[in-house]
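Visitor: pasting the sequence and the predicted model now:
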Amino acid sequence: MFCDEALDLVESIADGELTPEGRVAAHLATCPNCAAALDSARRLEQALRARPVPRAPARFTARTMTILRRRRWRSEQFLDVGFNLALGVVALAVVGGVVVLLNRAGVTSIGNGAMDVMSGGVMRLARRAAPAVPVYAGATALLAAALGIWWWAEKEI
């Protein structure tokens, strides 16, 4: 065993959390530096236990909890503002995507398209709508991402 391994355990041994056994006990018995470190740590532990524990000031817990609640509220408010801004940007992107999608798909000429369908132009209408499929897929993915972010932000922690 090396000294650095034993020195990592000295505080736990001095505190009584760990009992030296096997290689650790053998190293502490043969290494004067590690044994001195353990002795020093035990003296420090005894001195700390002998020292009286100071009392907390009046209303310490109430003031501390108030400060913690205020800081948490502020951080949650910051998170809420950021989340709302992100949702606003996503909503604007979705609206913009829908507008572009409607223009590219030629929905404004749906009346003419209906006449084409009635007269047997199903294939021509499908060819006109096919270039817009990636836009529909992108809009769907964007909407799914927005809903996923919303779900993540609203779930219980």
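Guide: Thanks, I have the structure now.
Visitor: which stretches of this structure have low pLDDT?
Guide: Flagging of the chain using pLDDT under 70 yields the residue ranges 1, 103, 105-125, 156-157.
Visitor: would you map the helices across it?
Guide: Using DSSP state H, the helices of the chain run over 3-15, 22-30, 32-50, 60-105, 110-118, 122-129, 133-154.
Visitor: neighbouring contacts of the last one?
Guide: Right, the one you point to is helix 133-154. Applying Cβ atoms under 8 Å, 6 or more residues apart in numbering, the contact partners of helix 133-154 are 79, 83, 86-87, 90-91, 93-94, 97-98, 100-101, 104-105. Bear in mind the C-beta positions are built from the backbone N, C-alpha and C, glycine included.
Visitor: ok, now the third one?
Guide: Counting contacts by Cβ under 8 Å, 6+ apart, the residues outside helix 32-50 that touch it are 3, 6-7, 10-11, 13-15, 27-29.
Visitor: cutoff 10 Å now
Guide: 1-7, 9-16, 20, 24, 27-29, 31 (Cβ atoms under 10 Å, 6 or more residues apart in numbering).
Visitor: if we can go back for a sec, pick the most buried one from the helices of the chain.
Guide: For those, average neighbour numbers computed from mean count of other Cβ atoms under 10 Å are highest in helix 3-15, which has a mean of 15.
Visitor: other SSEs contacting it?
Guide: The criterion is 3 or more Cβ pairs under 10 Å, 6 or more residues apart in numbering; DSSP states H and E, and the helices and strands that helix 3-15 contacts are helix 22-30, helix 32-50.
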